[in-house]
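Chemist: need a 3D model of the following:
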Amino acid sequence: MEAHERVTLGRMTHPVRGILHGSAALISLIGAVLLLVLTPGSAWRRLSLFAFGLSLVALFTTSSLYHSIPWQGEWKKRMQKLDHTMITVLVAGTFTPIATIVLDGWLRWGTLGVQWGIVLIGAIYKAKTKFARHWISVALATTQGWLAIFIIWPLSQRLPWTALLLIGLGGVLYTVGMVFLVTQRPRLWPRVFSYHEAFHVLVVAAAALHFAFIAGYVAPYGT
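Modeler: Prediction:
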């Protein structure tokens, strides 16, 4: 559906997406600050949690700006590329405290290297490609997230099953959201709330589950 056929709010092009992710950005900022203030431990622990919190705030802020402001021409393309890149940043940001605090040795550094390497590859692809294919970004971020299966066993030896449940449910919600985005279904209320809005809702829900996992199990791990 074209933008002019959608319900707008003032100059906001996609009000549901903009308001939803704008609110999520504010809540993420508050949560990230509380997480840093309330978590004891080393500078590395705090730095990894900072990376996670910053990735949350960055994704939701970028998404809110992109979907709220009527960008035109080159700026619209730039904001779209930045918006897509932030998805891989959030995935890597979520893995960062897990690898830094819970894992050790080659698993820690391998996980960090692979995750942030994917962010770099995705960012270069977006920057160098004039017409970046959207499905490549979706496939990259989805694959990046499900690389978690390679560290599930060591995590299961260190964390309770409830922690793994939060990881899994969050991953499933992200994946379902990606399916909505690729298939452009379901078309619930096309002019106001359709598949793209459903995708954004699932992203917020998945991020909330992963925040609960990080705050409840990863941040206090080993203290």
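Chemist: distance check, the spatially most central residue of the chain against Q115.
Modeler: The residue lying closest to the centre of the chain (CA atoms, centre = their mean) is L90, at 3.7 Å. Distance from L90 to Q115, counting by CB to CB, to the nearest Å: 11 Å. C-betas here are computed from N, CA, C, even on glycine.
Chemist: contacts for the helix or strand hosting R17?
Modeler: For R17, the host element (DSSP states H and E) is helix 15-38. Helix 15-38 is contacted from outside by 7-9, 12, 46, 49-50, 52-54, 56-57, 60-61, 63-65, 67-68, 192-193, 196-197, 200-201, 203-204, 207, 211, 214-215, 219, using CB atoms under 8 Å, 6 or more residues apart in numbering.
Chemist: which strands or helices does the next helix or strand after that helix pack on?
Modeler: Next helix or strand after helix 15-38 toward the C-terminus (DSSP H and E): helix 43-68. Packing partners of helix 43-68 (3 or more CB pairs under 8 Å, 6 or more residues apart in numbering; DSSP states H and E): helix 15-38, helix 73-97, helix 195-213.
Chemist: what residues of helix 43-68 count as buried?
Modeler: Going by neighbour count (16 or more other CB atoms under 10 Å), the buried part of helix 43-68 is 45-46, 48-68.
Chemist: now swap in stretch 119-139 and tell me
Modeler: So stretch 119-139, judged by 16+ other CB under 10 Å, has buried residues V119, G122, A123, Y125, K126, A132, S137, V138.
Chemist: number of residues surrounding the residue nearest to the second one when sequence neighbours are not counted?
Modeler: Counting by CB to CB, 6 or more residues apart in numbering, G122 lies nearest to T88, which is 4.6 Å off, once chain neighbours are set aside. Neighbourhood size, T88 [other CB atoms under 10 Å]: 25.
Chemist: OK, contacts around the nearest residue in space to A92 that is not next to it in sequence?
Modeler: The spatially closest residue to A92, leaving aside those adjacent along the chain, is Q115, at 4.0 Å (CB to CB, 6+ apart). Shown in contact with Q115 (CB under 8 Å, 6+ apart): V91, A92, F95, T96, A99, Q144, L147.
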